[in-house]
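Visitor: sequence plus the predicted model coming up.
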Amino acid sequence: MRTRVLLHSLALLVIGTLVAGAAPLAPTNAQASRQIRELVMVTWPQAGDPQQFEAARIAADGMRKLGLKVTVRTMPWEQLADYIWYNRTKWDMTTWQMVGRPERSDPDEILVNLFSSSTAKDGYNFIGFINPKYDELAQAQRSATDPEARKKLVYEAQRMLADQQPYTFLVNPKSIYAFNNQVWDAKTIVEQKGIGIKNFWTFIQAAPKGAQKDMVLNAQDPTIAINPLYISGKVDSWITELIWDRLMRVGPDGLPRPWAASAVTWATPTTVDVTLRPGMRWHDGKPLTAEDVIFSFMAPKGGKVPMYKPFVANIADIKKVNDTTLRFTLEKPQASFLTSTLGKVNLVPRHVWEPMLQSIEGKKDTAEQLQEKAPIGSGPFKFVSWTRGQEVVLEANTQHWAAPKMHRWILRTVANVEASLGGLRNGELNFLSDYLGDPSVLAGLSRQNPAITVVASTDIGFQFIGYNERRAPFNDPTFRKALSMAIDRTMIRLVAYKGYGVIADSPVSHALEFWHAPGLPQIPYNVQAARELLKKAGYDWDGQGRLLYPASQTESLEVAR
Amino acid sequence: MTRSSSRWIVQRLAQLALVLWVIATILFLIFRLMPGNPLVAFIDPNFTAEQQRALIHQFGLDLPLWQQYLIFLKESVTGNLGQSFFYKAPVSQLVWETLPNTLILTLGSVIIAFLIGTVAGAFLAWKRGTAAEAAGISVVVALRAAPEFWVGMILLAVFSFSLRWFPSSGTASPGVHYASLGAQLVSVDFLRHLALPLVTFVLYLQGLPLLLMRSNMLDVMEEEFVVMARMKGLPEARILLRHAARNALLPVATAFALVIGYSLSGDVVVENVFSWPGLGRLLVKAVSSKDYPLAQGAFLVIAALAILMNLLADLVYTWLDPRVSYAKR
């Protein structure tokens, strides 16, 4: 009887402790304190993205040397993105990355959408960087159609960002690709600035050396859609770039060049004259006309092509001057129009898409739900087949003026990183186009096997730590600058990125030599100087070495959950 | 068919519908109550507030939860499993395209694993007490304990990358196309691609039927009728096969149906290692990117298959063992 009572009370005690322990702690700030709260940095789990995880840990270590209490919290990507995007007042710091794409060879998208106050509430300025002078600068570079004048403005914008440190820029990573040099003539493989060797120019110029005339390449993610009016993913964009042509394309030098157009000129700051290349045909044999081009740019202006609508929003009107010349009239001057619109919008056949779009008028569907069984474009490759989840096969369009030298382009979905390496080694793949594993393993493979050439190129993209400027102390540029000085970015480059990257100092990558501002402050790792900077701004340290706000400011926020 | 057994079948079908409804409801709630948001896959520097609102409306997520539930039920009953948020294609089409690959791999592996397992299990029971049995048991248990992706990677490394006997990914060689599913199934190319994933899965699955069969056999061989058969002078092999094994097989038949149900989860791992374009991979991606219609639809199809398998198992059981009958007397 007594043992039973004892056991019952013990059980109640254990349960009670567990319940009390699980109850949320009441806020402990009984009186206002100058001590800066515990700060939280969110990042990917180690298995998901070892580079971002390691970079976060190294950065947090550096911040601790300033007297801050920093916790690194990991979340799966979907949860992290949801947290950062839809809970803009709740988080402190995050690691994040901008991925490189050919259209981002023009810095307009990055400079405006990431840092303008107009995109702070719902758009990509999720850090909430509000700076009216920067807004002016960003808009000015957008309308400066003279390249040299615009370059000066772009440089000035980068200097302002370097001074304000809304992000701590970490690295421009190197994208790594490999190919079998016994199958492909290495001299015909093109390295595009900021993109690497896996690019449109390589695909049309690569010359096969021997009996194997097909390029077999890999992607980790399956193809979602092959639709010129749907931006469905990075892998899908490789395919749409080949099947459909555009008026302009970004060249290997990172600058736009006429493609389906033979000439493109600015008549006035708001008018562009485009001369079409003669003799272009669709894959079904019909000729490509000026009406097709007008349709391709006007269709997204309706509600049925939502992802391309922002890119044609600035087009007021397109007039057909004659069979081969069109005049685009813009609402406002837009310097990046050539790259971000003429280099992005796919030319689609009106005789195929007009009836399809009409069939969904009045319904909830958009063009994204319309998947052609056999997509028709006018590009250098023709669609052959798509086996869902497994492969996409394209063949060379011999009628094209820039007909490829290979016979077929075959994209295989290989979900397993090791299998993609093995496939390269045993000949199943002859171009490694998607490799997110350890670069040193690939380098080792290349040393063992001289048939494999590896090329690592500095990417347009960049990795960074974003600070939520809606929450003190991140609203203070001096504080942010001190954080940047306390982060050992050389260690991040060498340890997290294994040396495959260059330290970034701007959202415009080093790879974009034309646009990257020279002489930006490099912010070397110097904890002592960071502490002095904070001291000069009025920050102080308490008896335990914890960083305190300047006098007259107290901690008003809870620890981020 | 008697009236009582046809009533039994009707009863079971009603049960099936009930279970499916419960599963559908649970799936619906689980995905929507999980943290996360299908819109995050579209985050991009050009992602405007207008686009976000349009997407929510397109996905039907702006409706109240109970309305979304009723629409989901109504559509599922008519066979319309909705439209994938990302593929923008009907879920039934996506499932239809990938299900055959998964079924071939899973059913094929389970059938072969059970065939090998039951024969080997009976054999090991016969050889009780010998060194062969001890070695056999160790190998079986080791294979069962080894994680599938590890076994798969080893097979890949040895048979595909080093020896180059088998291809390393997919169901067909690059650029190869088949006229029909039937033509594909009998082609050498497909069988070569199927070999490694199948062997990986079989090695993993064989543990259960083998050990189950063996322990059943050991029990049955102690029974009186076996002793009687020995006394009658029947050959040992005949006793094993005709008398003992048939009785020992009954629990294994039940296990067969259950294993098909849960092997669909192990199938996801094998599909990832060998880049096998099946339902498993589709499902994992759908769940992690919060593609509710695809995840719900695919899970529902798998659940329906598992329940159907259970029903079949019950029927097979009555055939194997005439003493068992579900019909009311």
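Guide: Noted; the coordinates are in hand.

Visitor: how about the helices in the stretch 1-150 of chain B?
Guide: Secondary structure of the stretch 1-150 of chain B by DSSP state H, counting those that start in this stretch: the helices cover B:3-33, B:49-59, B:65-77, B:91-126, B:131-145, B:148-155.

Visitor: helices along the stretch 151-300 of chain B, start to end?
Guide: Listed in chain order, the helices found in the stretch 151-300 of chain B under DSSP H, counting those that start in this stretch are B:181-186, B:188-205, B:207-220, B:224-232, B:236-238, B:246-273, B:279-288, B:292-320.

Visitor: wait, which of the ones you listed is closest to residue A:391?
Guide: Of all those, helix B:188-205 sits nearest to residue A:391, with 12.1 Å by Cβ to Cβ. C-beta: built from backbone N, CA, C; applies to glycine.

Visitor: flag every buried residue along the closest one.
Guide: Residues of helix B:188-205 classed as buried: B:190, B:193-205 (neighbour count, 16 or more other Cβ atoms under 10 Å in any protein chain shown).

Visitor: ok, stretch B:234-251 next?
Guide: Buried positions in stretch B:234-251, judged by neighbour count with 16+ other Cβ under 10 Å: B:239, B:240, B:243, B:244, B:245, B:247, B:248, B:249, B:250, B:251.

Visitor: and the fifth one, what does it touch?
Guide: Read that as residue B:245. Listed by Cβ atoms under 8 Å, 6 or more residues apart in numbering or on different chains, the contact partners of residue B:245 are B:118, B:122, B:217.

Visitor: just the third one next, same as before
Guide: For residue B:243, the contacting residues are B:225, B:226, B:229, taking Cβ under 8 Å, 6+ apart as the criterion.

Visitor: report the separation between the last one and residue B:158.
Guide: Same thing as residue B:229. 45 Å (Cβ to Cβ, to the nearest Å).

Visitor: what's the answer for the first one, then?
Guide: Counting by Cβ to Cβ, the separation of residue B:225 from residue B:158 is 47 Å.

Visitor: nearest to chain A: which residue in the stretch 201-329 of chain B?
Guide: With Cβ to the nearest Cβ, the shortest gap between the stretch 201-329 of chain B and chain A falls at residue B:277, namely 3.2 Å.

Visitor: hmm, residue A:388 and that residue touching each other?
Guide: Yes. Judged on Cβ atoms under 8 Å, residue B:277 makes contact with residue A:388 at a distance of 6.5 Å.

Visitor: ok, the two, which is more surrounded?
Guide: Neighbours were counted for residue B:277 and for residue A:388 using other Cβ atoms under 10 Å in any protein chain shown; residue B:277 has more, 25 against 19.

Visitor: burial of the nearest residue to the more buried one once chain neighbours are set aside, as a residue count?
Guide: Nearest non-adjacent residue to residue B:277, counting by Cβ to Cβ, 6 or more residues apart in numbering or on different chains: residue A:389, 3.2 Å away. Residue A:389 is flanked by 24 other residues according to other Cβ under 10 Å.

Visitor: pretty sure residue A:389 sits against residue A:222.
Guide: Yes. Shown here, residue A:389 and residue A:222 form a contact pair, counting by Cβ under 8 Å, at 4.7 Å.

Visitor: can you tell me which two in the buried residues of stretch B:234-251 are farthest apart?
Guide: B:239 and B:251 (19.5 Å).

Visitor: in chain A, where's the longest strand?
Guide: The longest strand of chain A (DSSP state E) is strand A:167-180.

Visitor: quick one: buried residues of that strand?
Guide: Quick answer for strand A:167-180 (16+ other Cβ under 10 Å): A:167-180.

Visitor: so how far is it off the chain centroid?
Guide: Remark: strand A:167-180 is offset 12 Å from the chain centroid, using Cα atoms, centre = their mean, to the nearest Å.

Visitor: for it, which helices and strands make contact with it?
Guide: Using 3 or more Cβ pairs under 8 Å, 6 or more residues apart in numbering or on different chains; DSSP states H and E, the elements in contact with strand A:167-180 are helix A:50-64, strand A:431-432, helix A:439-448, strand A:452-458, strand A:462-467, helix A:477-486, helix A:489-491, strand A:501-503.

Visitor: after that strand, which helix or strand is next?
Guide: Using DSSP states H and E, the helix or strand that directly follows strand A:167-180 along the chain is helix A:200-205.

Visitor: contact partners of the helix or strand just after that next one?
Guide: Next helix or strand after helix A:200-205 toward the C-terminus (DSSP H and E): strand A:214-219. Identification of contacts with strand A:214-219 by Cβ under 8 Å, 6+ apart yields A:184, A:198, A:203, A:206, A:235, A:238, A:406-414, A:420, A:423, A:428-434, B:174-175.
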